[in-house]
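Participant: Structure, please.
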Amino acid sequence: MDVSATYLLQLMLNGLMLGLIYALIAVGLALIFGVLEVINFAHGELLMLGGYAMAFALPAFGLSYWPALAIAVVATALVGLVLYEGFLRRIDQKEFERSILTTLGISMILLYGMQYLFSATPRMVDTAYGFDGIEIGSIRITLTRVIAGALAIVAFAALYGLLRFTQFGRAMRAIAQNREAAMMVGIPPRRVARNAVVLAAALCGLAGAALAPIQLLYPAMGQAVIFKAFALVVIGGLGNMTGALIVAIALGMIESWVGGFFGIVWQEGAVFTIMIVAVLLRPDGIFQRPGMRVG
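Facilitator: Just a heads-up that it's a prediction; the model follows:
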């Protein structure tokens, strides 16, 4: 394998892992919009909280990855429960402006609260895996990246099964497709909405915990990712989780290739240029939304 082919494959693998992490965030965002029709501007801070929960749990478990990961996911899911019960359940679907102001306010409180408590200084998060990696010829990828990608795939498979084959998931899809009809057959919209927010928060917490050992951890890390997640959801089609997943993986690849050939500064511009072009060509998204889609 020549040098250029090796470099391309390395970029592709890095982009695939990055895209899977983006997909966890974007799918959670699409899930909340599909059920509540609310755009959650505090979603990025859930990612950040997942990362910090991982950072605090790791020393308590002797840098053991798996129990710290479980703690981070559960802690972020609980924050999602508080977010719904305290704020989102009071917002009607027709109160779009109120939902934006509320979630944006929560985002700022969480961001600056964490910055006040722990400063804005980035920190590194170490695990028992350290910098161990897998080498295939000249290609090397760290174990934490491999685990992050594998966790994302398992999470998507579990989410698909949950939404497709369980009463829990069928209730969510029913509310997303026709709220009034779902209520007529006895499906409680508030319980379904609460479950959707908790599930989306858990996915975001998983993404944050998986990212913590891979990149620097700092209070504003969610802000850097959430706008990309919005772009992914818009391109994929609002409320379409399959579309968000496909677009996230593709965008992770593109971002990796752009950064590899043109420099990091061009990555951000590439994401939003693609979003603008996609919205101009397909205003409803590449995968149009006929209710919440899971397959």
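
Participant: For the longest helix along the chain, buried residues please.
Facilitator: Ordering each helix of the chain by length in residues (DSSP state H) puts helix 3-36 first. Residues of helix 3-36 classed as buried: 10-36 (neighbour count, 16 or more other Cβ atoms under 10 Å). Every C-beta, even on glycine, is put in place using the N, C-alpha and C of the backbone.

Participant: Packing partners of it?
Facilitator: helix 43-60, strand 139-142, helix 143-165, helix 167-177, helix 189-211, helix 221-236, helix 241-262 (3 or more Cβ pairs under 8 Å, 6 or more residues apart in numbering; DSSP states H and E).

Participant: Of all the residues in the helix or strand following the first one, which ones are buried?
Facilitator: Per DSSP states H and E, the first helix or strand lying C-terminal to helix 43-60 is helix 65-86. Of the residues in helix 65-86, those buried under the neighbour-count criterion (16+ other Cβ under 10 Å) are 65, 68-69, 71-73, 75-77, 79-81, 83-84.

Participant: again, but for stretch 259-271
Facilitator: Buried-residue list, stretch 259-271, by 16+ other Cβ under 10 Å: 259, 260, 267, 270, 271.

Participant: Need the contact partners of the least confident helix or strand in the chain by mean pLDDT.
Facilitator: Counting by mean pLDDT, DSSP states H and E, the chain has its least confident helix or strand at helix 265-281, which shows a mean of 79. With contact meaning Cβ atoms under 8 Å, 6 or more residues apart in numbering, helix 265-281 is reached by 227, 228, 231, 234, 235, 251, 254, 255, 258, 259, 285, 286.

Participant: What is the neighbour count of the fourth one?
Facilitator: For residue 234, the number of neighbouring residues by other Cβ atoms under 10 Å comes to 22.

Participant: Can you tell me how far it is from residue 246?
Facilitator: With distances defined as Cβ to Cβ, to the nearest Å, the gap from residue 234 to residue 246 amounts to 14 Å.

Participant: Please apply the same query to the last one.
Facilitator: Here residue 286 is placed at a distance of 8 Å from residue 246 (Cβ to Cβ).

Participant: okay, and the common contacts of these two?
Facilitator: Counting by Cβ under 8 Å, 6+ apart, the residues touching both residue 286 and residue 246 are residue 236.

Participant: burial of the nearest residue to residue 50 once chain neighbours are set aside, as a residue count?
Facilitator: What sits nearest to residue 50 in space, not counting adjacent residues and going by Cβ to Cβ, 6 or more residues apart in numbering, is residue 208, at 2.7 Å. Per other Cβ under 10 Å, the neighbour tally for residue 208 reads 31.

Participant: Enumerate every residue touching residue 208.
Facilitator: Here residue 208 is in contact with 46, 47, 48, 49, 50, 51, 52, 53, 54, 72, 76, 222 (Cβ under 8 Å, 6+ apart).

Participant: 10 Å instead?
Facilitator: 21, 24-25, 44-55, 72-73, 76, 217, 221-222, 225 (Cβ atoms under 10 Å, 6 or more residues apart in numbering).

Participant: And the pLDDT for it?
Facilitator: Looking at residue 208, its pLDDT stands at 95.

Participant: before we move on, what about residue 289?
Facilitator: 54.

Participant: before we move on, what about residue 3?
Facilitator: For residue 3, the model assigns a pLDDT of 52.

Participant: for residue 292, same thing?
Facilitator: So residue 292 comes in at 52 (pLDDT).

Participant: And for residue 71?
Facilitator: With respect to pLDDT, residue 71 has a value of 96.

Participant: Would you agree it is in contact with residue 60?
Facilitator: Yes - proximity of residue 71 to residue 60 meets the contact threshold set by Cβ atoms under 10 Å, at 8.2 Å.

Participant: Quick one: residues contacting residue 73.
Facilitator: Counted by Cβ under 10 Å, 6+ apart, residue 73 has contacts 50, 53-54, 151, 155, 201-210.

Participant: Top of those by number of neighbours, please.
Facilitator: residue 204 (36 neighbours).

Participant: Isn't that one up against residue 47?
Facilitator: Yes - counting by Cβ under 10 Å, residue 204 does reach residue 47; the two are 5.0 Å apart.
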